[in-house]
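J.: got a sequence here, can you model it:
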Amino acid sequence: MASRISARIGAISESATLAVDAKAKALKAAGRPVIGFGAGEPDFPTPDYIVEAAVVAARDPKNHRYSPAGGLPELKQAIVEKTKRDSGYEVEAAQVLVTNGGKHAVYNTFATLLDPGDEVLLPAPYWTTYPETIQLAGGVPVEVLADESQNYLVTVEQLEAARTEKTKALLFCSPSNPTGAVDTPEAIEAIGRWALEHGIWVITDEIYEHLTYGDTKFTSLPVAVPELADQTVVLNGVAKTYAMTGWRVGWMIGPKDVIKAATNLQSHQTSNVNNVAQRAAIAALTGDLSAVDEMKVAFDRRRKLMVSMLNEIPGVECPEPTGAFYAYPSVKGVLGKEIAGRTPTTSAELAEIILDEAEVAVVPGEAFGAPGYLRLSYALGDDDLTEGVSRITKLLS
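T.: A predicted model of the protein is given here:
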C-alpha cells in the first residue's frame, strides 16, 4: 500500500528544539517544576514602543488588507537603512524580501538557489532547521564538523576538503546557533575569499549579529569581501535582537534576480507577512538599540555564570561562547557512566535522564549534527539558570 505521506515530507524530522521546549512546557503545565534550557528565546518582553506601534497599526484599516507579497515598502526601506547602520552593508530595497520569520527566509533561499543533487556545505554543529530545508529543496547537506578543540569554528582547509564539483553553496552562521562561537574578521574574510575563488554561493545567517560579548565583534561576510555580494544571501530578522520571536518577521537580502524569484515563490506560498507585525518591525528597526543593550548585559552575566558552573561538572567541557545566547558543552566524559541507575551511551539518552531525574530540559547534540554535546540557552531568568544547572551538577557529580 502506498504511503499516505509523501516521501519528501515524511523524511522531515520534527524540530528538536521546539519539541524539547514543548515537552518542558507540557510537564510544567502538569505541575512539574521543570526548568527549560531548550528554546532560543529571550525571556524579555518585546519593548513597549514596538508593541504600541502594533496596537496603532491594528486599528488602521489599511493593515486589514493584502499588501505586497515581498513586504511593505516602508519596512524594506527600514531594513536597507538598518543593514547599512548595523553592518555597513549597502543594499537597495529591490534586494530585500520580507518573510514569515527567519525560518521562512532560510527555506525560500534554498528553494530558490538549489537544484536536485546540489551540495551545500554545512558546518556542524548546525541549527537543526538547516539540513531539513536543504533537503526539502532537493539539495544534499554535506556536514563539516568543528569540535570543541577548535572552538566549534570550521576552517577553510576543512571546507576545501569537503568541496566537490556538486558544491553549490555554503551555509555560514556567526554568531552561531547552537555553539555561540563567533568567527574572527580574518577568518570570515578567508572563508569569503575561498567561496569567491570557487564560485560558491554563501548563505550567511546574521540573526545574532547584535549578541556578541567582551571584545568580540560581528563581521558581515559581504562587507568583509565586497566582491562576494553577487553570490551571497544574508538572512536576518527581528526575533532575537528585539525579543520578537513570536511576531514572525524575517528577511533575506541578496542579488536582485534571486530576490525577485524568491518573491515570486512567496507570492504563491503565503502572500504578504502579517501587516501588523511588519509595522511593529518598522518601529523596532527605526528605533535605537537600547533594548538590546539592556538584554546583552543580562545575557553576558548569565553566560559567564552558566559556563563556570558547567565546567565544574566532572566530565563536562564547555568553551566560553562569545555570541548568541547558548552554551554548548561537551558531555563525552559523562557518557558510559551510571547515572541514577541508568548508563547513557549517547547525549540524547543523557538529555532524557536529565529531564526525568533532574526535571531540566536540554537539547542533545544529535539535533545539531554533533552527538556528544548538549545545548543550553541562557536566555532565561538568573534564578532558573542557577537552579537548573545546579540540578544537573547534583545529578552528574
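J.: skip the chain neighbours and tell me the closest residue to L121.
T.: Spatial nearest neighbour of L121, chain neighbours left out: L170 (4.5 Å); criterion: C-beta to C-beta, 6 or more residues apart in numbering. In short, each C-beta sits where N, CA and C put it, glycine included.
J.: sec struct for that neighbour, please.
T.: Following DSSP: H, G, I helix; E, B strand; the rest coil, we place L170 in the strand state.
J.: is it true that it touches W201?
T.: Yes - at 7.2 Å, L170 counts as touching W201 under the criterion of C-beta atoms under 8 Å.
J.: so which of these two has more stuff around it?
T.: For L170 versus W201, neighbours defined as other C-beta atoms under 10 Å are more numerous around L170 (28 against 23).
J.: now do the contacts for that one.
T.: Listed by C-beta atoms under 8 Å, 6 or more residues apart in numbering, the contact set of L170 reads 120-121, 159, 191, 195, 200-203.
J.: ok, now with 7 Å
T.: By C-beta atoms under 7 Å, 6 or more residues apart in numbering, the contact set of L170 is 121, 159, 195, 200, 202.
J.: and the fourth one, what's its pLDDT?
T.: The reference is to I200. Note for I200: predicted pLDDT of 98.
J.: A16 too?
T.: 73.
J.: tell me the pLDDT at S308?
T.: Per-residue pLDDT puts S308 at 97.
J.: what's the burial count for it?
T.: With other C-beta under 10 Å as criterion, S308 counts 12.
J.: then E92?
T.: 12.
J.: ignoring the adjacent residues along the chain, who's closest to it?
T.: Using C-beta to C-beta, 6+ apart, the closest residue to E92 is V80 (6.6 Å).
J.: so the one you found sits against V91, correct?
T.: Yes - the pair V80 / V91 is scored as a contact, 5.8 Å apart, by C-beta atoms under 7 Å.
J.: tell me which stretches of the protein form strands.
T.: For the chain, applying DSSP state E gives strands covering 35-36, 96-99, 119-124, 140-145, 167-173, 201-205, 232-237, 250-253, 326-327, 360-361, 363-364, 374-377.
J.: give me the contacts around the fourth one.
T.: By C-beta under 7 Å, 6+ apart, the list of residues contacting strand 140-145 from outside reads 117-124, 131, 134-135, 154, 158-159, 162, 369-370.
J.: quick one: strands adjacent to it?
T.: strand 119-124 (parallel) (DSSP bridges).
J.: could you do the last one as well?
T.: Here strand 374-377 is paired, per DSSP bridges, with strand 326-327 (antiparallel), strand 363-364 (antiparallel).
J.: okay if I get these as TSV plus distance to G237?
T.: Formatted as TSV, the strands paired with strand 374-377 follow (distance: least, C-beta to C-beta, whole Å):
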stretch	distance to G237
strand 326-327	17
strand 363-364	21
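J.: looking at those, which one has the lowest mean pLDDT?
T.: It's strand 363-364: among those, that one has the lowest mean pLDDT, namely a mean of 94.
J.: where in this structure is the helix or strand with the lowest mean pLDDT?
T.: helix 16-29 (a mean of 80; mean pLDDT, DSSP states H and E).
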